[in-house]
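>>> Sharing a model that was predicted from the sequence below.
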Amino acid sequence: MKSTLKTQRNQSGFTLIELMIVIAIIGILIGAAVVGWRAATRAGNETATIQNMKTIFTTQGLYYASHGRNFGTFEQLIKEQYLNSKFSGNPPVDSGYVYTLKVTPKTANSNSSYTLNADPVDEGSGTNHFYIDNNDGAIHVNSSQPAASSDAVQ
C-alpha cells in the first residue's frame, strides 16, 4: 500500500493551478484576436463603402451624359446596367452600410442633382458616415452622425 501512494506522488503532470493559468492565457489571446478581427472587419467595410461611392459617382456621370443631363436613381442605374444588383433593395445595403440616394430632377430653372449618404448598419459594421454629391466628387466623412457637404473631406 505504501508503494502505491509513493508512486502516485511521483507522477508528473499539471496541477489544477497550472491548468487554470494556461486556460486564462488562452482566453486573453482569443479576446485580443476577436477585438482585432472586429477592427479589421470595420476597416474593410469602410474601404469597400468608399470604393462603392466612387463607383456610384462615376456611373452617375455616365448616366447624366447619356440621359438628357439627368441623374439616375438606384433602380434606373441597375435597370440600365450601370450598377449591379447589389444596390437593389429599399434601401440598398452592402458591406454593412445603408446607401441613401436622393435625386433631384432637372427643371426649367435648375439642373439635376443628387446626394448619396452611406451610414453603418450598426457599430460592428463601421464607425464613419460618408457623403458625396454631384458637385465635386469629394467623399465627406463624419464619425458621429450622417455626413454632409460641410463635413471634412476623406
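Cool, got the structure.
>>> And stretch 131-139, what's buried?
131-134, 139 (16 or more other CB atoms under 10 Å). For glycine as for every other residue, the C-beta is placed from the backbone atoms N, C-alpha and C.
>>> what sits against the residue nearest the centre of the chain?
Among the residues of the chain, N45 comes closest to the average C-alpha position under CA atoms, centre = their mean, at 2.8 Å. Taking CB atoms under 8 Å, 6 or more residues apart in numbering, we find N45 in contact with 95-97, 120, 125-126.
>>> Tell me which two in those residues are the farthest apart.
S95 and P120 (9.7 Å; CB to CB).
>>> And the helices in this protein?
For the chain, the helices defined by DSSP state H cover 2-10, 16-66, 74-79.
>>> Include mean pLDDT and distance to P105 when you put these into JSON lines, please.
JSON lines is the format used below for these (pLDDT from 0 to 100; distance: least, CB to CB, whole Å):
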{"stretch": "helix 2-10", "mean pLDDT": "56", "distance to P105": "87"}
{"stretch": "helix 16-66", "mean pLDDT": "95", "distance to P105": "12"}
{"stretch": "helix 74-79", "mean pLDDT": "96", "distance to P105": "11"}
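>>> Which of these sits closest to F87?
helix 74-79 (5.0 Å).
>>> Could you tell me how many residues sit around K106?
Burial of K106 is recorded as 14 neighbouring residues (other CB atoms under 10 Å).
>>> same deal with the one 5 residues further on?
For N111, the count of nearby residues is 13 (other CB under 10 Å).
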